[in-house]
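Peer 1: Sequence plus predicted model, see below.
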Amino acid sequence: MYPTVADVLTLPVIRQGMATVVAGANGLDRKVRWVHIAEIADIAPLLGGGELVLTTGIALPDDPAALSKYVGELAAAGVVGVVVELVRHWHRELPAALVEAADAHELPLITLSRETRFVAVTEAVVGLIVTAQVAELRAAERVHETFTALTVAGAEPAEVLREVARASGLPVVLETLGHDVLAYDAAGTDPRELVADWAARSRAVTVDARTSYHAEAGWLVTVVGARGNDWGRLVLVCPVEPQHRQVVIAERAASALAVHRLVARDRESLERHAHRTLLTELLGSTTTAADIAARASALGVPLQRRQLLGISVRPSTATAVRPSMATQEVLRDLAEATALAARRARVAALVGVVDDISVRALLSLTPQADADAVLRRLSKEIHQAAASAPKALPVIVAVGTTVEEISDARRTLIEAAHVAKASLRTPDDRQYHRLDDVRLRGLLHLLADDDRVTAFAARELGPLLSRDATHGSRLLDALRHFCAHGGNKSAAASAAHMSRTAYYQQLARVEQVLGVSLDDPDSVLSLHVALLVHEING
């Protein structure tokens, strides 16, 4: 928005004064907020920062210590530069103490060898500032109009992010507060590189304000949410400090996304809204069991003295790279389909969308009910109902363990979500998945947030990951194929699309880098577990 000191030096009125930068050249990129004519030495307390000070030096001292103090006070006040006319006090050059102090503070010190009308300098610089401000205001107005139009049109998140990338020229990612990627636009860059190891990178970036720039990560982060309910973050990958226009784009896009979310939620049925509210409170442990039981009973779903099972229904078309691309509209339709399936299967259930990746349900069965028979009937109905929904798509149905207390409902709902996530990696024709079905992978999903598990995987695979990163090799893939085929080297070589000779050489290099033998069952087991953890956290 503001011109720099270097921009000011290009003005004709400054060039006519034969301007020369005699010190502090490293500070020429500082922004000039205002111009101030000051002939007294103790002007610093009257300044607010960002000023370019003009002086003839007529009232400045000649004492070196006083001159150093003068420059130090100006720098502390936030002055961005000092212009001295060499006519009335000093003529050919400035005192060495003044020059040295300016260099020490990287404060641009500029001399004018000819008499210059300071009022003309002030007018010219203010003209630059006003022109820049008007340009910024016009750009902000265009951004406002663009995103207002998208909001009114009910644009989906993908459309909003596409406009963000186009207008800012930067890659952009929309994530949940749990650091799952909801949508992104790579702005012409490699999308795999953009989202690689996203969750771990995002967890390391914390900001205090709603919109803030994290210089170390090179991220401009804006919190997304409305009505006091924040639900995500919009991240612009910005290697250098963002311009004001890019900040405006991020904030307006966040507003458009928040409104879209509210509109999408407002379109859900009152029943789904009530169920979602109860499920959210169950997962957040914010309400007493007695209160939950009373409200659920009022909705026709008794929870006391019942068998309770958590269910997670997820679109199975999500990929390992983009696990959370299901839109709220798709999930809303899927929630209605799941509720319809529960009614058809004559199962009492709370059903709602509580996150951005799945539909959750809490089944309430009588103590005498055969849970497996109910699940077979219900899952069949869910698959049929999902296929008949407005946006038909295949789904994965995952089930937590059976509990009997309302206080344990949160656990079975969370287990179901973990099982669903694990099942995405190993799809099959099962009507529904339980923790037993995903076996070791399911257990590791439950333990994924345990630092000890993460540290174990890092110890086991660290040298291999480092080798691949440094040399561009694919030793990790070779090991993955070996473990996936139970140590059958021929089958693994075929799956890796390599000749046996080349593949065996890869395995030998793996053994060399890791310092283990792939003939040792314990080593292979440890490496296989570490690979699973790496995939889950990746």
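Peer 2: Arrived safely, thanks for sending. Just so it is clear, the structure is predicted and the values come from calculations on it, not from any experiment. Residues are numbered from 1 along each chain as shown.
Peer 1: so where do the strands sit in the stretch 1-150 of the chain?
Peer 2: For the stretch 1-150 of the chain, the strands defined by DSSP state E, counting those that start in this stretch cover 19-23, 34-37, 51-55, 81-85, 109-112.
Peer 1: The chain too?
Peer 2: 19-23, 34-37, 51-55, 81-85, 109-112, 172-176, 181-185, 211-214, 219-226, 229-237, 307-315, 348-352, 359-365, 395-399 (DSSP state E).
Peer 1: Could you export these to TSV, including columns for mean neighbour count, distance to R376 and mean pLDDT?
Peer 2: In short, each C-beta sits where N, CA and C put it, glycine included. Shown next, in TSV, are the strands of the chain (neighbours: other CB atoms under 10 Å; distance: least, CB to CB, whole Å; pLDDT from 0 to 100):
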stretch	mean neighbour count	distance to R376	mean pLDDT
strand 19-23	18	81	88
strand 34-37	18	75	88
strand 51-55	22	77	90
strand 81-85	24	78	91
strand 109-112	23	83	90
strand 172-176	23	32	86
strand 181-185	23	33	79
strand 211-214	16	49	92
strand 219-226	21	40	90
strand 229-237	20	35	89
strand 307-315	25	13	92
strand 348-352	25	15	91
strand 359-365	27	13	93
strand 395-399	27	11	89
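Peer 1: could those be laid out in JSON lines, adding distance to E460?
Peer 2: JSON lines is the format used below for the strands of the chain (distance: least, CB to CB, whole Å):
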{"stretch": "strand 19-23", "distance to E460": "57"}
{"stretch": "strand 34-37", "distance to E460": "60"}
{"stretch": "strand 51-55", "distance to E460": "59"}
{"stretch": "strand 81-85", "distance to E460": "57"}
{"stretch": "strand 109-112", "distance to E460": "59"}
{"stretch": "strand 172-176", "distance to E460": "28"}
{"stretch": "strand 181-185", "distance to E460": "26"}
{"stretch": "strand 211-214", "distance to E460": "31"}
{"stretch": "strand 219-226", "distance to E460": "30"}
{"stretch": "strand 229-237", "distance to E460": "31"}
{"stretch": "strand 307-315", "distance to E460": "29"}
{"stretch": "strand 348-352", "distance to E460": "40"}
{"stretch": "strand 359-365", "distance to E460": "34"}
{"stretch": "strand 395-399", "distance to E460": "28"}
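Peer 1: Name the stretch from these that approaches V195 most closely.
Peer 2: strand 181-185 (5.5 Å; CB to CB).
Peer 1: now for that closest one, which elements pack on it?
Peer 2: Contact here means 3 or more CB pairs under 8 Å, 6 or more residues apart in numbering; DSSP states H and E; on that basis strand 181-185 packs against helix 157-168, strand 172-176, helix 191-195.
Peer 1: Using PDB, write out the CA atom coordinates for it.
Peer 2: The C-alpha trace of strand 181-185 is given here as PDB (Å, rounded to 0.1, in the frame of the first residue of the first chain):
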ATOM      1  CA  VAL A 181      -7.500 -31.600   3.800                       C
ATOM      2  CA  LEU A 182     -11.000 -30.700   2.600                       C
ATOM      3  CA  ALA A 183     -10.100 -29.200  -0.700                       C
ATOM      4  CA  TYR A 184      -7.200 -27.400  -2.500                       C
ATOM      5  CA  ASP A 185      -6.100 -25.700  -5.600                       C
END
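Peer 1: chain center to stretch 219-237: distance?
Peer 2: Mean-position distance between stretch 219-237 and its chain equals 8 Å (CA atoms, centre = their mean, to the nearest Å).
Peer 1: ok, the residue located most distally from the centre of the chain - contacts?
Peer 2: Centroid-distance maximum for the chain: R88 at 57.6 Å, with CA atoms, centre = their mean. The neighbours of R88, taking CB atoms under 8 Å, 6 or more residues apart in numbering as the test, are T56, G57, I58.
Peer 1: Check the first one and give its pLDDT.
Peer 2: Okay, so that is T56. At T56, the pLDDT value in this model is 88.
Peer 1: I'd say it and E39 touch.
Peer 2: Yes. With contact defined as CB atoms under 8 Å, T56 reaches E39; the gap is 6.5 Å.
Peer 1: Low-confidence regions, the stretch 201-350 of the chain specifically.
Peer 2: For the stretch 201-350 of the chain, applying pLDDT under 70 flags the ranges 227-228, 264-270, 317-327.
Peer 1: what ranges do the helices span in it?
Peer 2: 244-266, 270-284, 289-298, 328-344 (DSSP state H, counting those that start in this stretch).
Peer 1: Could you point out the longest helix of this structure?
Peer 2: helix 118-152 (DSSP state H).
Peer 1: relative to helix 157-168, how tilted is that one?
Peer 2: 160 degrees (axes from the mean of the first three to the mean of the last three CA atoms, to 10 degrees).
Peer 1: R459: how many residues sit nearby?
Peer 2: 11 (other CB atoms under 10 Å).
Peer 1: Let me see the contact set for it.
Peer 2: Here R459 is in contact with A530 (CB under 8 Å, 6+ apart).
Peer 1: where does it land on pLDDT?
Peer 2: 83.
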